[in-house]
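Participant: Pasted the sequence and its predicted model underneath.
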Amino acid sequence: NYVRQMATAYTCPESSLYGNFMLFRAIDKALRAWNKYQPRSYNWWYNEISAPKIMADILALLAAGVEQPDPSVVKGLMQMMEQSDPRKWTGANKQDIAMHHMIRGCVLKNDSIVSFNVSEFFEPIRITDFEGIREDLSYQQHRKQLYVGGYGTVFVDNIAKMAPLFVGTRFALTPQQAKLFSDFVRTTYLNIFRGHYMDFSVCGRSVSRKKTLNLGDYSSLFSKMKAIDPEHAQEYEEAAQRSATENPTIGRTDRNRMYWTSDYMLHNRKRYDISVRAVSENTCRSESGNGENLWGTYLSEGAYNIRVKGDEYADIFAVWEWDKIPGTTTPEGEVENHNDWGVAGVSKFVCGASDGLYGAMAYAMADYGIKANKGYFLFD
């Protein structure tokens, strides 16, 4: 990251360090060190997504520099980036890998690399039965785990960032892709927010990260969405106002939706929002992993999240009583979460019904030595 910042300062004409030879020498030295030692992380994500993406950014920036890196340095970094293959991955992970390959293709001026990876990047904009947008317009990752936040946020941000760049070119979204993406954002993604705060039920293991629910002023997303989907510009403008102000009611309409593939119901009202998340043998529990969400064992056991202002649960998780999550019926005492990377539930019955305005949901819980037939009824 530091070297990327240095490359930005070196190649930006407005920078006081633009074209600075000593800065270039420092950048060059850092890149040569990377090639020599080829550091690796125990976490695949850094090796196949984070590091290659940063290297792609650095090489793209340096392509506009006064001095150019030695071809042997560029070759070594390109070889490192080539090792990851987007075809092996799904959803947001596929996109992140395809993105650095697109940049690599641009630096190499190789049309086939760019074309192939643009296709891979946009491929997740489709209905799938495994990791991605489901037929009910929920989003899943790590098998059948609800992930509208977290990986879903990465998915939305990636498309919003890249799609406007391709408008009017042969790489542009197809009408079918543009419509599906618009439907997902407007029907699902925008509605998990109350103001600029996200529903804790849809974040997966990232719920334990600081400020994970607070996306702040998210107006940049909505300006990009207007370029992709001008037909619904008014909805994005209202969403931008909700995210930038303390008034979460702007443009709000009453709705209820049952996401049956994810055992999740979302109930939106102008005055408040409530959601219910359960887990069955057809879906996956809220995961832990990489040292995150170590106590969220019961997060998918019929948890509900009621919000009026939106910030009711912001950063509460460090001091939360994890055996008293709202809506759950669970044993006394916090239990360490061993549900790593997509562990299915055991309930044979989780069901819901919605007419688009009102909803009811049922959860036959039978786990942790407890049986409870739970019902949730969502009206005005």
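Facilitator: Arrived safely.
Participant: give me every residue that touches the nearest residue to H196 once chain neighbours are set aside.
Facilitator: Take H196 and drop its neighbours on the chain: the residue closest to it by Cβ to Cβ, 6 or more residues apart in numbering is S243, 4.1 Å away. Bear in mind the C-beta positions are built from the backbone N, C-alpha and C, glycine included. S243 is in contact with 193, 195-196, 215-219, 222, counting by Cβ atoms under 8 Å, 6 or more residues apart in numbering.
Participant: Remind me which helix or strand S243 belongs to.
Facilitator: helix 233-244 (DSSP states H and E).
Participant: quick one: buried residues of that helix?
Facilitator: 235-240, 242-244 (16 or more other Cβ atoms under 10 Å).
Participant: what's the answer for stretch 287-307, then?
Facilitator: Those would be 287-289, 292-293, 295-305, 307, for stretch 287-307 by 16+ other Cβ under 10 Å.
Participant: if we can go back for a sec, centre of the chain versus the helix holding S243, how much separation?
Facilitator: 20 Å (Cα atoms, centre = their mean, to the nearest Å).
Participant: any idea which helix or strand of the protein has the worst average confidence?
Facilitator: Least confident helix or strand of the chain, by mean pLDDT, DSSP states H and E, is helix 219-228 with a mean of 89.
Participant: Output the helix holding S243 as CSV, restricted to C-alpha atoms.
Facilitator: Taking C-alpha atoms only, helix 233-244 is exported to CSV below (Å, rounded to 0.1, in the frame of the first residue of the first chain):
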residue,chain,number,x,y,z
ALA,A,233,-31.8,7.9,-10.9
GLN,A,234,-34.4,9.3,-8.4
GLU,A,235,-34.2,6.2,-6.2
TYR,A,236,-30.4,6.4,-6.1
GLU,A,237,-30.7,10.1,-5.3
GLU,A,238,-33.0,9.4,-2.4
ALA,A,239,-30.7,6.7,-1.2
ALA,A,240,-27.8,9.1,-1.3
GLN,A,241,-29.7,11.6,0.8
ARG,A,242,-30.5,8.9,3.3
SER,A,243,-26.8,7.9,3.6
ALA,A,244,-25.6,11.5,3.9
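Participant: Show the subsequent helix or strand relative to it.
Facilitator: Using DSSP H and E, the helix or strand that follows helix 233-244 towards the C-terminus is strand 255-259.
Participant: after that next one comes which helix or strand?
Facilitator: Following strand 255-259 in sequence, per DSSP H and E, is strand 264-268.
Participant: what is the orientation angle of the next helix or strand after that following strand with strand 264-268?
Facilitator: Next along the chain after strand 264-268, taking DSSP H and E as the criterion, comes strand 273-277. Inter-element angle recorded for strand 273-277 and strand 264-268: 170 degrees (by axes from the mean of the first three to the mean of the last three Cα atoms, to 10 degrees).
Participant: And the helix or strand that comes right after strand 273-277, what does it pack against?
Facilitator: Scanning forward in sequence from strand 273-277 by DSSP H and E, the next helix or strand is strand 303-307. Helices and strands touching strand 303-307, as assessed by 3 or more Cβ pairs under 8 Å, 6 or more residues apart in numbering; DSSP states H and E, comprise strand 273-277.
Participant: Tell me which other helices or strands the strand it packs on touches.
Facilitator: Under the contact definition 3+ Cβ pairs under 8 Å, 6+ apart, strand 273-277 sits against strand 264-268, strand 303-307, strand 370-378.
Participant: could you show me where the helices are in the protein, in order?
Facilitator: 2-11, 21-37, 44-45, 51-62, 71-82, 91-108, 111-122, 151-162, 175-187, 219-228, 233-244 (DSSP state H).
Participant: residue contacts, Q141?
Facilitator: Counted by Cβ under 8 Å, 6+ apart, Q141 has contacts 90-93, 131-132, 147, 150-152, 204.
Participant: Try it again at 7 Å.
Facilitator: Each residue near Q141 by Cβ atoms under 7 Å, 6 or more residues apart in numbering is listed here: 91-92, 131, 147, 151.
Participant: Most neighbours of all these, which one?
Facilitator: Among those, Y147 has the most neighbours (other Cβ atoms under 10 Å), with 29 neighbours.
Participant: My guess is that one contacts I133. True?
Facilitator: No. Y147 lies out of contact with I133 (Cβ atoms under 7 Å); the separation is 11.1 Å.
Participant: Now do the shared contacts for the two.
Facilitator: With Cβ under 7 Å, 6+ apart as the test, Y147 and I133 both reach Y139.
Participant: ok, the residue nearest to H196 to A9 distance?
Facilitator: To A9, S243 is 30 Å away according to Cβ to Cβ, to the nearest Å.
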